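Undergrad: sharing a sequence plus its predicted fold:
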Amino acid sequence: NAGVMQNPRHLVRRRGQEARLRCSPMKGHSHVYWYRQLPEEGLKFMVYLQKENIIDESGMPKERFSAEFPKEGPSILRIQQVVRGDSAAYFCASSPPGLAGSYNEQFFGPGTRLTVL
Amino acid sequence: DQQVKQNSPSLSVQEGRISILNCDYTNSMFDYFLWYKKYPAEGPTFLISISSIKDKNEDGRFTVFLNKSAKHLSLHIVPSQPGDSAVYFCAAQLKYGNKLVFGAGTILRVKS
């Protein structure tokens, strides 16, 4: 059973370009989370999605960032008009569907390291 | 607003001794706490967790202690091994919440 897959592992963009980060959750997992880790900091929650629905986007910057988890295919985190401050490691995690109020372990992918020149 | 704090950026321990990693939190609504281990260029890996209704959870060499009145938890690794050298993140979750709130991490170095 493959783990959470993220690609690309490394992405270099120039200021003003678009960055697309992909995440394929573990088999059977319908919940996807995106986190960002800036240098010397912990992971910060960005967005929580289920298939075709954004459940919680309280950690997403209001502009330039968007996320989707379509019915078919991977989850996509899209950053438009990237700036140097977007340089970070972006981690995706997935969890299985669970009972309301229960805790489901989040399994993390290896991350995408975005560098903005 | 740092709701989860790991005040020690790094810790160095001799092989075979105990490693104690600490974590403090400010939000009394947190209901579930987790420790993740992370190697360079990899994603975090779940290590151990504890519910707020407990004060201790043990799994092999790893034990997590929770002191709710002090809003403090700690991870004990006994005995420490060189392979334990990694960054350890403390994380917390609200009841009925899904997102994890992470601390900044502690770099553990176990010397042989």
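TA: Happy to help now that I have it.

Undergrad: every contact and neighbour count from this point should use C-alpha atoms.
TA: OK.

Undergrad: residues of chain A that sit close to chain B?
TA: A:33, A:40-45, A:48, A:91, A:100-103, A:105-111 (Cα under 8 Å from any Cα of the partner chain).

Undergrad: strands - which of those land there?
TA: Among these, the residues falling in strands (DSSP state E) are A:Tyr33, A:Leu43, A:Lys44, A:Phe45, A:Tyr48, A:Phe91, A:Phe107, A:Phe108.

Undergrad: what are the bridge partners for the third one, then?
TA: I take that to be A:Lys44. Taking DSSP bridges as the rule, A:Lys44 bridges to A:Arg36.

Undergrad: neighbours of it, how many?
TA: Residues within reach of A:Lys44, counting by other Cα atoms under 10 Å in any protein chain shown, total 21.

Undergrad: so what's it up against?
TA: A:Tyr35, A:Arg36, A:Gln37, A:Gly59, B:Val101, B:Phe102 (Cα atoms under 8 Å, 6 or more residues apart in numbering or on different chains).

Undergrad: with the last one instead?
TA: Residues in contact with A:Phe108 (Cα under 8 Å, 6+ apart) are A:Val4, A:Phe91, A:Cys92, A:Ala93, A:Ser94, B:Gly43, B:Pro44, B:Thr45.

Undergrad: repeat that for 6 Å
TA: For A:Phe108, the contact set (Cα atoms under 6 Å, 6 or more residues apart in numbering or on different chains) comprises A:Cys92, A:Ala93, B:Gly43, B:Pro44.

Undergrad: that one pairs with what?
TA: Beta bridges link A:Phe108 to A:Ala93, judged by DSSP bridges.

Undergrad: what packs against the helix or strand that contains B:Leu66?
TA: Here B:Leu66, judged by DSSP states H and E, is contained in strand B:62-67. Counting contacts by 3 or more Cα pairs under 6 Å, 6 or more residues apart in numbering or on different chains; DSSP states H and E, strand B:62-67 packs against strand B:56-59, strand B:72-77.

Undergrad: swap in 8 Å and give it another go.
TA: Secondary-structure packing of strand B:62-67 (3 or more Cα pairs under 8 Å, 6 or more residues apart in numbering or on different chains; DSSP states H and E): strand B:45-51, strand B:56-59, strand B:72-77.
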